[in-house]
Structures are given as C-alpha cells and as structure tokens.
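Participant: Build me a model:
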Amino acid sequence: MIRLLRAPFRPVTYSRWLHLCVPLLLLALWMFINPRSPWMPLLIVIPFAFVPWVRLAEGLQAQFLLTPQDRAGEESLISAAPSARWADRWRTLLWLEIRLVVSGAAMFASVCLPVVSVELAAAALGHPPADPMLPFVPARWAAAVLAPVPLVLLITVVALLGELITAIARLLLGPSASERLTALEARTERLLERTRIARELHDSIGHALTVAVVQAGAARAAGNPEFTDRALSAIEETGRAALEDLERVLLVLRESAQPPSQRPTLVEADRLLESARASGAAVDAQLSGPLEKLPGPVTREGYRILQEALTNVLRHCGPVPIRVRVGMTAGLLDLEVTNPLSGRPAVITGGGSGLRGMRERAALLGGTAETGPHEGGWRVRARLPLELIP
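Facilitator: Okay, the predicted model is just below:
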C-alpha cells in the first residue's frame with residue numbers, strides 16, 4: 001500500500017510506463033492496417049524472438065527503463081547479452097508475447113481512464129458529452145468529486161503493471177545458468193586477485209620494514225661504523241626490492257595495459273637469505289634441486305612462503321640462528337624453516353595474517369603448510385605439489 005502511495009513520486013514509475021508504451025507503436029501501426037485482427041502482432045514478433053541480438057536489445061531496454069536503480073550494482077537481475085542457447089530464444093519469445101499483452105492492457109488504461117476523467121470534468125461544468133463512455137452521467141456535484149478518481153486509478157494501474165512487467169523481465173530476461181556461472185567465476189577471480197594482492201603487500205612490504213627495523217636497531221646498538229654501513233646497505237637493497245614489488249602491485253590495481261614485472265621466484269632466494277644475514281641472523285641454508293625448472297606458481301608461492309617465514313623469525317625472535325632447507329622429493333617441493341625460540345610468546349600464537357597467508361598460499365596449490373613449535377624451536381614447513389600444476 002505504501003509503495004502505491006509513493007508511486008506518483010517515483011521516477012521509475014514513469015520510466016516503466018514508457019517501457020509499457022514502446023510496444024504500442026507496433027500495436028497502433030497494425031490497428032491502422034487491419035483493425036479487425038488485433039491479435040496479429042503476437043504472430044509477427046515470433047521470428048524476431050529467435051534473432052540473438054533481440055534479447056540483447058530487450059535486456060538493455062529493460063535495464064534502463066524497468067530497473068535503472070540496479071544498473072549501478074555489481075550484479076543485475078536482468079541480463080544484457082545475446083541469446084546463446086535455444087532456451088534463451090524460447091524465453092525471449094515468451095517475454096515478447098507477454099510484453100505485448102501487458103502493453104495492450106496499459107494502452108487500454110492509458111486511453112480510457114483519462115477520457116473518463118475528462119467526461120466527468122465536463123459533466124461537472126455542466127457540459128456532459130453527447131456520447132459518453134460511462135453508462136450513465138452522474139450529477140454535477142458527483143462528477144466533480146469523481147473526476148480525479150480515474151487519474152488516480154491510472155497511476156495505480158500503471159504502477160501495478162510496471163511491477164508485474166519488471167518481475168516478468170527478471171524471470172525471463174534474467175541470466176541463464178551458464179551466464180550466472182560465468183559471472184560467479186569472474187567474481188571469484190576478482191576476489192582471489194584482491195586476496196593475492198593483499199598477501200603480496202603484506203609479505204613484501206612487511207618483510208622490508210622488519211628488516212629495516214632490525215638493521216637500524218642493531219646498527220645503533222653496535223656503535224660500529226663498518227657494521228652501520230653494512231646495515232644501511234641492507235636497508236637500501238631491501239627497500240628498493242619492496243618498492244619494485246609495490247610498483248608491480250599498483251600496476252595491477254590500476255589495471256594498466258603495461259605487463260607487471262615478473263614476480264620473484266625461489267631462484268632469487270639468495271636475496272632473502274642475504275637480507276636475513278645482514279640483519280645479524282646466522283642462516284644455514286641448503287637449496288637443492290633444479291629450482292629454475294619449478295612450475296611458475298610453485299616457485300613464486302614458495303618464494304613468498306620463505307619470505308614470510310624469515311620475516312616472522314626476525315620480527316618475533318630477532319637475529320637468531322635460522323635453518324633453511326629447500327628441496328624436491330617425490331613430486332613435492334619441500335620447504336622448511338626452523339629457528340630457536342627467544343622466549344617471546346608472540347611467535348607461538350599462530351593466528352597472525354602472515355601464518356594464515358602461508359597456509360592459504362599452499363592450499364591454493366593443493367599443498368600444505370604447517371607452522372608451530374618443533375623440538376624446542378619454531379618450524380614452518382610447506383609441501384607444494386609439482387605435478388598438479390599445469
């Protein structure tokens with residue numbers, strides 16, 4: 001009831017009215033040619049329903065006139081795509097037939113009700129029509145009271161027919177199952193890309209800031225110009241690498257036409273190890289196997305897992321001895337980082353976004369990542385399958 005009261009003040013009521021009036025051009029043209037066969041337009045539209053682009057035109061028209069408020073949303077309930085299957089063509093045919101019928105009802109109301117209102121107004125002024133549509137002519141006072149009623153009824157009918165044709169459009173012009181699946185896949189890809197970008201920023205920028213903080217603190221505590229010089233060099237190198245990663249991520253966010261720079265791989269793991277060593281940590285690293293032949297997703301995600309593992313050690317334990325083992329066994333990339341605990345409780349919480357990010361990276365490749373205490377220390381172990389990657 002409240003929606004009916006608001007209908008005269010809603011712009012969508014009149015845009016839907018316009019949508020109802022568009023098929024009247026065909027009806028009016030045919031009535032001019034052959035008024036004895038008003039049903040003939042129902043047959044004329046049949047061949048047009050099987051033209052794929054007719055569905056696109058009908059969908060666009062419905063989006064603009066029936067649901068203009070939904071066009072700014074991420075998902076529209078009315079599809080704007082050509083017919084791809086016969087099911088879409090049959091739905092388009094049913095839509096065209098129903099639209100003609102509903103438009104005929106709208107035409108009848110749009111013509112007859114204003115005429116009745118004019119006749120009542122004329123009767124109220126003392127000039128009753130000679131051939132009225134009403135079966136009777138009321139008294140002047142009654143005609144004056146009833147004159148606005150047909151116009152109110154017209155707005156009500158138009159609002160109800162607009163709601164009806166909109167519901168039918170969403171049903172018959174809505175996305176098919178294949179279109180919904182395609183849209184869902186595209187949305188999933190966008191969400192995965194956003195999650196990946198968030199992880200990239202967390203891993204690269206977090207690693208650079210951790211190394212810079214550790215290096216700066218160690219240099220100030222050492223009071224050795226030579227050590228300070230090495231620390232500043234390590235901060236400079238780590239910051240430059242972080243800026244490269246940041247620029248690559250920003251290129252993705254801006255959807256630039258330029259291809260983003262290559263993401264780092266395990267072949268470049270020495271950069272991470274040297275950065276950890278420059279922070280004062282004693283790194284015992286053993287990287288075996290042809291790392292340059294690893295599949296792209298495996299070597300890239302392996303690099304990020306190693307980066308996050310080293311970052312966590314430096315952040316929570318400081319420059320402690322770190323043992324790194326990277327190798328390939330039985331179709332798996334086996335990556336393990338272990339270190340002694342420094343007594344800080346933060347390292348054993350296991351709920352941070354970095355640890356969760358490592359597990360998510362491994363899971364996306366069908367692998368596993370285990371993080372937690374191990375033999376009196378802390379261990380990160382990731383196993384990434386090789387043969388499942390295309």
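Participant: mind listing what's buried in stretch 277-296?
Facilitator: 277, 278, 279, 280, 281, 283, 285, 287, 291, 294, 295 (16 or more other CB atoms under 10 Å). (Each C-beta comes from the backbone N, C-alpha and C, glycine too.)
Participant: Quickly note the distance from the last one to residue 288.
Facilitator: Put plainly, it is residue 295. According to CB to CB, to the nearest Å, residue 295 and residue 288 sit 17 Å apart.
Participant: do the second one as well
Facilitator: Note on residue 278: its distance to residue 288, by CB to CB, is 24 Å.
Participant: And the first one, by the same measure?
Facilitator: Distance, residue 277 to residue 288, by CB to CB: 19 Å.
Participant: quick one, strands of the protein?
Facilitator: 283-287, 322-329, 332-340, 368-374, 377-385 (DSSP state E).
Participant: List the neighbouring strands of the shortest one plus their orientation.
Facilitator: Put plainly, it is strand 283-287. Its sheet considered, strand 283-287 pairs with strand 322-329 (parallel) by DSSP bridges.
Participant: Residue 44 versus residue 92, what's the distance?
Facilitator: 15 Å.
Participant: what about those two, which has more around it?
Facilitator: residue 92 (25 against 12; other CB atoms under 10 Å).
Participant: Surely the more buried one touches residue 49?
Facilitator: Yes - the criterion here is CB atoms under 8 Å, and residue 92 meets it with residue 49 at 4.6 Å.
Participant: and the closest residue to residue 137 other than its chain neighbours, how many residues sit next to it?
Facilitator: Closest residue to residue 137 apart from its sequence neighbours, by CB to CB, 6 or more residues apart in numbering: residue 128 at 4.8 Å. Residues within reach of residue 128, counting by other CB under 10 Å, total 16.
Participant: Quick check: residue 128 vs residue 315, distance?
Facilitator: Relative to residue 315, residue 128 is positioned 92 Å away (CB to CB).
Participant: And for residue 285?
Facilitator: 19 Å.
Participant: Likewise for residue 369?
Facilitator: Residue 369 is 18 Å from residue 315, by CB to CB.
Participant: When the two are compared, which one has more neighbours?
Facilitator: Between residue 369 and residue 315, counting by other CB under 10 Å, residue 369 is the more crowded of the two (24 against 20).
Participant: beta partners for that one?
Facilitator: Assessed by DSSP bridges, residue 369 has beta-bridge partners residue 382.
Participant: That one and residue 358 touch, don't they?
Facilitator: Yes - between residue 369 and residue 358 there is a contact under CB under 8 Å: 4.6 Å.
Participant: which neighbours do these two share?
Facilitator: Overlap of the contact sets of residue 369 and residue 358 (by CB atoms under 8 Å, 6 or more residues apart in numbering) consists of 305, 380, 382.
Participant: Grab the nearest non-local neighbour of the second one.
Facilitator: Put plainly, it is residue 380. residue 309 (4.2 Å).
Participant: what sits against that neighbour?
Facilitator: Contacts of residue 309 by CB under 8 Å, 6+ apart are 337, 358, 380.
Participant: separation between it and residue 103?
Facilitator: In terms of CB to CB, residue 309 sits 67 Å off from residue 103.
Participant: Then residue 114?
Facilitator: From residue 114 to residue 103 the distance is 17 Å (CB to CB).
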